[in-house]
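Student: no sequence on hand, only this structure:
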Ligand SMILES: Nc1ncnc2c1ncn2[C@@H]1O[C@H](COP(=O)(O)OP(=O)(O)OP(=O)(O)O)[C@@H](O)[C@H]1O
Ligand SMILES: [Mg+2]
């Protein structure tokens, strides 16, 4: 048995651990909008916050993102799954895990559930295998909370059209593909009810932000996290 407390050994104590919150959902469901609003609110409340995303949360990840989202030409599903896993392995090891260990609230746009829904189910690879690949890549890091923004894929597509955003490799997939991905996300949420918070993403952004804030406040209270300046969150 090792001697001394975790703190005296230079390790973070259990209470110093931060929180890992991910946003999931189809393309155009509002993940980036809600992740930004949450990160802003937490940071204004005085919490240490890291707002990040996958793919592309590191320098290496930006190169992988470019490849996996914008490569012209085919990438076989297993290669696509491995590229996402490689991005994730580097991002979690060098950015996310150190931040959580330092007591930071990590707010992340997409994580392993996206791989399971898009590559595992959408691309027809085995969902359990793709999940296991991500868990291997991240030394089994699961979020404390995953907000699933659920919306009909045609409504989400209309939003992206209205924003006149160019489509990446995944966004350019058929409406059937996006419908399958949506169903896959909902099935994941059914299996892990404690981790997932499913919201109807067709609601106005401010309404969603308020619901998400409420859920996150419960989580922070449960984890005993208080803002740096001691003001209530
Ligand atoms: N609740 C909402 N109601 C209506 N429009 C919204 C809502 N949330 C976001 N939008 C708009 O929909 C578009 C897509 O939103 P956003 O970029 O946040 O989605 P996303 O899930 O991050 O998309 P992507 O998968 O392409 O990254 C944007 O133009 C955004 O302003
Ligand atoms: Mg986005």
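Tutor: Alright, I've got the coordinates. Just so it is clear, the structure is predicted and the values come from calculations on it, not from any experiment. Ligands and ions are numbered 1, 2, ... in the order given.
Student: make it CA atoms for all contacts and neighbour counts henceforth
Tutor: Noted.
Student: up against ligand 1, what does this structure have?
Tutor: Taking CA under 6 Å from any ligand atom as the contact definition, the chain meets ligand 1 at 26-33, 159-160, 163, 201-205.
Student: next, the buried residues of the lowest-mean-pLDDT helix or strand in the chain.
Tutor: Ranked by mean pLDDT, DSSP states H and E, the weakest helix or strand in the chain is helix 153-162, scoring a mean of 94. Going by neighbour count (16 or more other CA atoms under 10 Å), the buried part of helix 153-162 is 153, 156, 157, 159, 160.
Student: ditto for stretch 29-36
Tutor: 29, 30, 31, 32, 34, 35, 36.
Student: now do it: everything it contacts.
Tutor: 23-25, 51, 107-110, 149-151, 156, 201, 205, 208-209 (CA atoms under 8 Å, 6 or more residues apart in numbering).
Student: where does the prediction get shaky in the chain?
Tutor: Flagging of the chain using pLDDT under 70 yields the residue ranges 1-15, 229-233.
Student: can you map out the helices along it?
Tutor: 31-44, 59-70, 77-91, 97-101, 112-115, 127-137, 153-162, 175-191, 205-223 (DSSP state H).
Student: outside of the fifth one, which residues touch it?
Tutor: Residues outside helix 112-115 that contact it (CA under 8 Å, 6+ apart): 24, 25, 81, 84, 130, 131, 134, 185, 188.
Student: need the contact list for residue 163.
Tutor: Residue 163 neighbours (CA under 8 Å, 6+ apart): none.
Student: over to the one 4 residues further on?
Tutor: With contacts defined as CA under 8 Å, 6+ apart, residue 167 has no neighbours.
Student: same question for residue 111.
Tutor: 22, 23, 24, 53, 54, 88.
Student: please report how far it lies from ligand 1.
Tutor: Relative to ligand 1, residue 111 is positioned 12 Å away (CA to the nearest ligand atom, to the nearest Å).
Student: quick check on that residue: phi, psi?
Tutor: For residue 111, the backbone dihedrals are phi -150, psi -150 (criterion: degrees, to the nearest 10).
Student: and residue 84, how many neighbours?
Tutor: Residue 84 has 25 neighbours, counted by other CA atoms under 10 Å.
Student: now it: how far from residue 66?
Tutor: According to CA to CA, to the nearest Å, residue 84 stands 11 Å off from residue 66.
Student: residue 218 too?
Tutor: 37 Å.
Student: could you do residue 152 as well?
Tutor: Distance from residue 152 to residue 66, by CA to CA: 27 Å.
Student: do residue 149 as well
Tutor: Taking CA to CA, one finds residue 149 at 25 Å from residue 66.
Student: who has more neighbours, those two?
Tutor: Neighbour tally, residue 149 and residue 66, criterion other CA under 10 Å: the higher count belongs to residue 149, 25 against 13.
Student: list the contacts for the more buried one?
Tutor: With CA under 8 Å, 6+ apart, residue 149 has these contacts: 23, 24, 25, 26, 29, 30, 31, 198, 199, 200, 201.
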